[in-house]
Structures are given as structure tokens and as C-alpha cells.
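Trainee: Test case, fold it:
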Amino acid sequence: MIRTKGRVWVGIIAGTLLLGSCGSEPVPRPRGYFRIDMPQRAYLSFDTTWPYAFEYPVYARVQPDRDAGAEPYWADLFIPEFGARIHLSYKRMQGDLSPYAEDARKMAMQHIARSTGIQEIMVARPEAGVYGIIYQIEGREAASPLQFYLTDSSTHFLRGALYFNQAPNNDSLAPVIAFLQEDLLHLVETMHWK
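Mentor: Prediction:
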């Protein structure tokens, strides 16, 4: 009998607490993301026998592209800390610049279905003979948030695209994209032909 009375009291107290706690609407917690620590900025020089040279971050590695379809002087700038890479493809121009620039524009515009907008930033460094466009592709599901091409308008053409080794979720990658955008701008500002 004592056991039964104890169970009854526990049931009454639990029921009272349960009913008393339902006075207000529940408030959902905001969605959170992991904190991402950014490395200290410093740069190394990529200056080899290749027809172009630039500075790249110390936390990245330049790896020649070994894919079956890769052409000479293609490379990946691999950033293991972020699971990212900037794919660089070089072409020695033959003839008019238009087909090369149009091909780079089409590659950037392929992301238009998944983007909320594409901004074009003009690059003009006449003292180094470097001209081009940087494409900032905005949107949560854009596979490549940054692309660019650089040329001297007669001989050299270099195209680059930033990719991550995961499904696109550029809302959570926004701090990393902004961080790597500065590195990409540094690469563009230090680029020169040989």
C-alpha cells in the first residue's frame, strides 16, 4: 500500500509539472555552424619553368593536374585545411581572344541556375600585361563560388575556379569563401607571364 501511494504522488507531481510547463510557445534555437579558425596569411612564390608565375598561400599546395584530359601547365592549388582547390587551366592562345574568353564566361554562367547572382570584377594590370574577369557566383548551392580568367590578350590564357570537396552549402562556407577570395585576389595581383 505504501508503494502504491508513492507511485500516485510521483504521478501527480509529474503531471502537475508537465501541465505547468506548457504555458508559453516553444522558441526554436537558431541554426548554428561550427567555428572555423582561419590560418595566418603568408605567401610563397610559384615561379618555375611554366609560362606563368604568381604568389599563393603557405597553407596551400600546388599540384600539377594528373587527370587523363589534363593539358600541360594545368594545376590544382589544393587547400587541405578547407577541403578546397583552385583548379588552374592554361592555354597557349592561337588566334583571337574571343573564343577563349567566351568559353570561360560560359563555364561561369553554367552556375546561373543555382546562383542568386553573378558579379563580374574587371582585372586590368597593363604594367604586367594581365587582363581578365573575376566571377563572384553568389547563392547557397553554387558549385563554384569564384572563377576567373587572366590573359595578355595575345599569347597566354589562364582560367581558374574554386571548388570544395563537399556538397555546396555556401551559407555555411561563407567565411571560408570570403577568406579564400582574398587569397585569389592576391594570386591575380601577383600574376605575371614569362
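Trainee: I'd like the next helix or strand past the lowest-mean-pLDDT helix or strand in the chain.
Mentor: Using mean pLDDT, DSSP states H and E, helix 2-20 stands out as the lowest-scoring helix or strand of the chain, at a mean of 72. Following helix 2-20 in sequence order, the next helix or strand is strand 43-46 (DSSP states H and E).
Trainee: What is that next one packed up against?
Mentor: Secondary-structure packing of strand 43-46 (3 or more Cβ pairs under 8 Å, 6 or more residues apart in numbering; DSSP states H and E): strand 52-57. Yep, even glycine has a C-beta here, placed from its N, CA and C like the rest.
Trainee: Just the mean pLDDT for the strand it packs on, thanks.
Mentor: The average pLDDT within strand 52-57 is 98.
Trainee: Please apply the same query to stretch 171-182.
Mentor: The average pLDDT for stretch 171-182 rounds to 89.
Trainee: Could I get the buried residue list for that stretch?
Mentor: 173, 176, 177, 179, 180 (16 or more other Cβ atoms under 10 Å).
Trainee: show me where this structure has helices.
Mentor: 2-20, 98-109, 174-190 (DSSP state H).
Trainee: Quickly compare these and say which is most buried.
Mentor: Most buried of the helices of the chain by mean neighbour count (mean count of other Cβ atoms under 10 Å) is helix 174-190; its value is a mean of 17.
Trainee: Who are the packing partners of it?
Mentor: On a contact count with 3+ Cβ pairs under 8 Å, 6+ apart, helix 174-190 meets strand 52-57, strand 84-92, strand 130-138, strand 146-151, strand 156-164.
Trainee: Check which residues of the third one are buried.
Mentor: Buried positions in strand 130-138, judged by neighbour count with 16+ other Cβ under 10 Å: 130, 131, 132, 133, 134, 135, 136, 137.
Trainee: Give the closest residue to residue 91 in space, chain neighbours not counted.
Mentor: Nearest in space to residue 91, with sequence neighbours left out and distances taken as Cβ to Cβ, 6 or more residues apart in numbering, is residue 157 at 4.5 Å.
Trainee: circling back: of all the helices and strands packed on helix 174-190, which gets the most neighbours per residue?
Mentor: For the helices and strands packed on helix 174-190, average neighbour numbers computed from mean count of other Cβ under 10 Å are highest in strand 146-151, which has a mean of 25.
Trainee: how near is the residue nearest to residue 91 to residue 89?
Mentor: In this structure, residue 157 and residue 89 are 9 Å apart, going by Cβ to Cβ, to the nearest Å.
Trainee: what do you get for residue 147?
Mentor: For residue 147 relative to residue 89 (Cβ to Cβ), the value is 11 Å.
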